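> Sharing a model prediction with you, sequence too.
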Amino acid sequence: MTSSNIKMLDEFLTQCQQRVDQRLAEKLDTEIISHTLKQAMQYACLGGGKRIRPVLAYGSALAVGGELAAADNAAAAVELIHSYSLVHDDLPAMDDDDLRRGKPTVHKAYDEATAILVGDALQSLAFALLSSDGEPLEATTSLAMVHLLSQAAGATGMVGGQSLDFEAVGEKLTLEQLEQMHKLKTGALIRCAVLLGGMSAGSASESQMNALADYADNIGLAFQVQDDILDVTSDTSQLGKPQGSDSDKNKPTYVSLLGIEQATELATSLSDKAIAALEGFPPSADPLRELASYVVSRLH
């Protein structure tokens, strides 16, 4: 990436992060009877995270001719689902992690029961936000977006991938099996973010949505491959979570299967394919193109 491209992407990332953070802060500042629950929900969602999924939603809206504002609810909804998944993943019964985004995990800052309730509340808030009366889309489009998010978050998406991840501990997977697991665990919500962004614009054609899906499938896997690489090459202070946690738990990764060099080549290839999927899109899709390069060059 050139210096000008890096500057453009940095400005776009900052703009999108500020937008989604504002929307999340607004929605998390509503009347919640339990002060502890409200405080813990804000702790889980605000003040950290790369916001890659919201940024992808915003980028997709722009790519098909929409405005950033059109994707505010979609961006916040996918981030709420992502945040809920992290809170539950960190629990002792799951990954048992003490650090997330550079600070104690929710069950460490509060307690396990609160962490479970926080995850439940964030998940339901995501669907409430996506189906709110203030959404300016046609009812059929809003319903399709809710359906898409439910599939991406549930047993046929993220949760199903997490289950496969647990089943795979200590096992030797083929490359195809590892890819299938991560298409669900990580890729499904990333794909959903891209598609929700495109749908939120209200004007995307079928061919554009198909191209966005192709882009999303490739960038979703590229993101996971880079995560596996960073788990080996980065450190805890950069990652904001324990370095080497996957290898410590004996989880199969792209690095354990392919080695660093081949995993890096795979990530680059997937990034290139994602960019190629946007060949017919105008310059308004440039943020998505830059994001495809960013996900395989990031250091955390």
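Done, it's in. Numbering: from 1, shown residues only.

> Which residue of the protein lies farthest from its centroid?
residue 33 (29.1 Å; CA atoms, centre = their mean).

> helix/strand/coil for residue 155?
coil (DSSP: H, G, I helix; E, B strand; the rest coil).

> Could you tell me how many residues sit around it?
By the criterion of other CB atoms under 10 Å, residue 155 has 12 neighbours. Heads up, the C-betas are built off the backbone N, CA and C, glycines and all.

> Skipping its backbone neighbours, what lies nearest it in space?
residue 163 (7.8 Å; CB to CB, 6 or more residues apart in numbering).

> same question, residue 207
In space, and not counting its chain neighbours, residue 207 is closest to residue 280: 7.8 Å by CB to CB, 6+ apart.

> If you count contacts, what does whichever strand or helix holds residue 270 end up packed against?
Taking DSSP states H and E as the definition, residue 270 sits inside helix 260-276. Under the contact criterion of 3 or more CB pairs under 8 Å, 6 or more residues apart in numbering; DSSP states H and E, helix 260-276 touches helix 206-233, helix 254-258, helix 286-294.

> Quick one, which of those helices gets closest to residue 170.
helix 254-258 (11.5 Å; CB to CB).

> So what's the model's average confidence on that closest one?
The average of the pLDDT scores along helix 254-258 is 92.

> Next: stretch 155-162.
Per-residue scores along stretch 155-162 average to 96.

> Just the CA trace of it, in CSV.
Extracted as CSV, the C-alpha positions of stretch 155-162 are listed here (Å, rounded to 0.1, in the frame of the first residue of the first chain):
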residue,chain,number,x,y,z
ALA,A,155,-25.8,-22.8,14.2
THR,A,156,-25.3,-22.4,10.5
GLY,A,157,-22.8,-19.7,11.0
MET,A,158,-20.6,-18.4,13.8
VAL,A,159,-21.9,-20.6,16.6
GLY,A,160,-21.7,-23.7,14.4
GLY,A,161,-18.1,-22.8,13.6
GLN,A,162,-17.3,-22.3,17.2
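
> ok now it, how far from the chain's centre?
Centroid separation for stretch 155-162 versus its chain: 14 Å, with CA atoms, centre = their mean, to the nearest Å.

> Buried residues, it. List them.
157-162 (16 or more other CB atoms under 10 Å).

> Can you point out the buried residues in stretch 171-190?
173, 178-190.

> just stretch 55-72 next, same as before
Using 16+ other CB under 10 Å as the test for burial, stretch 55-72 gives 55-66, 68, 70-72.

> Quick test: name the residue nearest the centre of the protein.
residue 53 (4.0 Å).

> quick one: low-confidence parts of the stretch 101-250 of the chain?
Within the stretch 101-250 of the chain, the stretches with pLDDT under 70 are 133-135, 235-249.

> hmm, back to that, tilt between the helix holding residue 270 and helix 286-294?
Here the directions of helix 260-276 and helix 286-294 differ by 170 degrees (axes from the mean of the first three to the mean of the last three CA atoms, to 10 degrees).

> Now tabulate the helices and strands packed on helix 260-276 in JSON lines and tack on mean neighbour count and distance to residue 118.
Shown next, in JSON lines, are the helices and strands packed on helix 260-276 (neighbours: other CB atoms under 10 Å; distance: least, CB to CB, whole Å):
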{"stretch": "helix 206-233", "mean neighbour count": "21", "distance to residue 118": "23"}
{"stretch": "helix 254-258", "mean neighbour count": "20", "distance to residue 118": "31"}
{"stretch": "helix 286-294", "mean neighbour count": "22", "distance to residue 118": "29"}
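
> what would these look like in JSON lines with distance to residue 15?
Below are those laid out as JSON lines (distance: least, CB to CB, whole Å):
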{"stretch": "helix 206-233", "distance to residue 15": "20"}
{"stretch": "helix 254-258", "distance to residue 15": "31"}
{"stretch": "helix 286-294", "distance to residue 15": "10"}
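
> Which of those sits closest to residue 200?
Using CB to CB, the nearest of the helices and strands packed on helix 260-276 to residue 200 is helix 206-233, at 11.8 Å.

> From the contact counts, what lies against the closest one?
helix 52-63, helix 175-182, helix 188-200, helix 236-239, helix 245-248, helix 254-258, helix 260-276, helix 286-294.
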